[in-house]
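Peer 1: Dropping a prediction and its sequence here:
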Amino acid sequence: MPELERAKQTETETAAAGGRYFLRFTREQRYMHAALFTSFLGLAATGLPMRFSESFWARRFATGVGGFGAILFLHKFFAVVLTIAFALHVKEIVQRGLINREKGIFWGPTSMVANWKDVKDVFGHMRWFLGLGPRPQFDRYAYWEKFDYWAVFWGMIVIGFSGYAMWFAPFFAHFLPGWALNAVLVIHSEEALLAVLFIFSIHFVNTHLRPDSFPMDMVIFTGVESEEEFKHKRTLEYERNSQRGELEKKVGIAPPLWLVNFSKIVGFTAIFIGLTLLVLTLTAYFS
Ligand code: HEM
């Protein structure tokens with residue numbers, strides 16, 4: 001059998017074995033996440049050597065890429081990529097929520113905005129962890145996913161504003177007093193540390209390393225999840241769509257094998273770089 005046909009047959013068999021798949025993220029959302037995590041990794045990998053410039057790994061890295069000037073240049077490059085991604089995301093929210101008046105963007109079970117159910121879920125989850133109650137059922141976004149989202153959203157504003165204030169200090173000096181221009185370095189530096197610690201520990205554990213998703217949740221790369229995953233992880237969303245007869249609209253195609261393998265390589269590389277940066281940061285911080 002020719003190579004191509006065999007590959008196609010394998011893909012079809014994989015899909016058949018896995019049952020139905022449901023769309024969770026659009027292609028644009030997946031590209032947005034890719035731009036976000038590559039630029040964030042780039043910013044962390046170039047920002048941390050500037051902060052811990054005395055450590056041996058920072059000096060090695062600087063020698064390798066052509067000095068600290070080159071590191072700063074790369075940092076600014078990734079900052080522009082992240083800013084564009086963030087601006088496109090804000091544009092999408094405004095377009096969908098305010099201009100198209102799409103329901104469920106700012107409030108309700110499909111919104112990223114936290115509600116009373118999230119508060120109850122936090123306590124319900126704690127009770128379940130301790131074996132004192134049933135496992136809470138989640139909707140489109142669980143409370144920890146909303147927390148991750150807002151931590152990055154808020155962090156982006158703080159880190160972006162302070163970064164640009166340093167980059168264009170003479171311009172910002174028209175509006176800010178001198179002490180504020182000194183403060184932005186401290187704010188940027190500390191917020192960066194917080195972001196690195198948060199993303200490379202809590203976000204990684206929340207999304208990829210918890211038992212439900214271990215060793216990696218592929219949905220942000222492939223855009224689809226199996227019916228079993230959908231039912232188990234987002235039971236309320238599954239049931240609502242099912243009751244309204246809207247489940248069929250969400251049926252997607254099984255991810256081809258090449259995409260699954262490609263996602264695994266990209267995902268594990270990102271996790272590896274992140275954890276390496278986390279270890280280097282912690283050792284430099286405490287030494
Ligand atoms: C729009 C986003 C960002 C912009 C415009 C930006 C810009 C800058 C600039 C201009 C510097 C100054 C370096 C200097 O001249 O001494 C800097 C330093 C730094 N950046 Fe960023 N940055 C951004 C995002 C980030 C992110 C997301 C991280 C971490 C993940 C980060 C980590 C750092 C660190 C650790 C330093 C060194 C601070 C120090 O010396 O203590 N930056 N950044």
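Peer 2: Nice, thanks for sending it over.

Peer 1: Confirm M112 sits in a helix?
Peer 2: No - secondary structure of M112 (DSSP: H, G, I helix; E, B strand; the rest coil): coil, not part of a helix.

Peer 1: contacting residues for it?
Peer 2: Y141, K146, Y149, W150 (C-beta atoms under 8 Å, 6 or more residues apart in numbering). In short, each C-beta sits where N, CA and C put it, glycine included.

Peer 1: closest point of the stretch 101-250 of the chain to the ligand, which residue?
Peer 2: In the stretch 101-250 of the chain, the residue that lies nearest the ligand is G163 (2.4 Å; C-beta to the nearest ligand atom).

Peer 1: how close does that residue sit to V80?
Peer 2: 11 Å (C-beta to C-beta, to the nearest Å).

Peer 1: ok, those two, which is more surrounded?
Peer 2: Legend: neighbour count by other C-beta atoms under 10 Å for G163 and V80, higher for G163 (23 against 10).

Peer 1: was I right about the more buried one contacting F78?
Peer 2: No - the criterion here is C-beta atoms under 8 Å, and G163 misses it with F78 at 10.5 Å.

Peer 1: before we move on, which element is A284 in?
Peer 2: In this assignment (DSSP states H and E), A284 forms part of helix 257-286.

Peer 1: other SSEs contacting that helix?
Peer 2: Counting contacts by 3 or more C-beta pairs under 8 Å, 6 or more residues apart in numbering; DSSP states H and E, helix 257-286 packs against helix 3-18, helix 27-51, helix 56-65, helix 178-197, helix 204, helix 219-222.

Peer 1: Can you give me the buried ones in it?
Peer 2: Under the neighbour-count criterion of 16 or more other C-beta atoms under 10 Å, helix 257-286 has L259, S263, G267, A270, I271, I273, G274, L277, L278, L280, T281, A284 buried.

Peer 1: pLDDT of it, averaged?
Peer 2: The average pLDDT for helix 257-286 rounds to 93.

Peer 1: Pull the residues that contact stretch 88-95.
Peer 2: Applying C-beta under 8 Å, 6+ apart, the set of residues contacting stretch 88-95 from outside is E28, M32, I105.

Peer 1: from those residues, which is closest to L209?
Peer 2: M32 (22.7 Å; C-beta to C-beta).

Peer 1: quick one on the thing from earlier: which members of the contacts of M112 occur in helices, if any?
Peer 2: Of the contacts of M112, the ones assigned to helices by DSSP state H are K146, Y149, W150.

Peer 1: Narrow those to just the buried residues.
Peer 2: K146.
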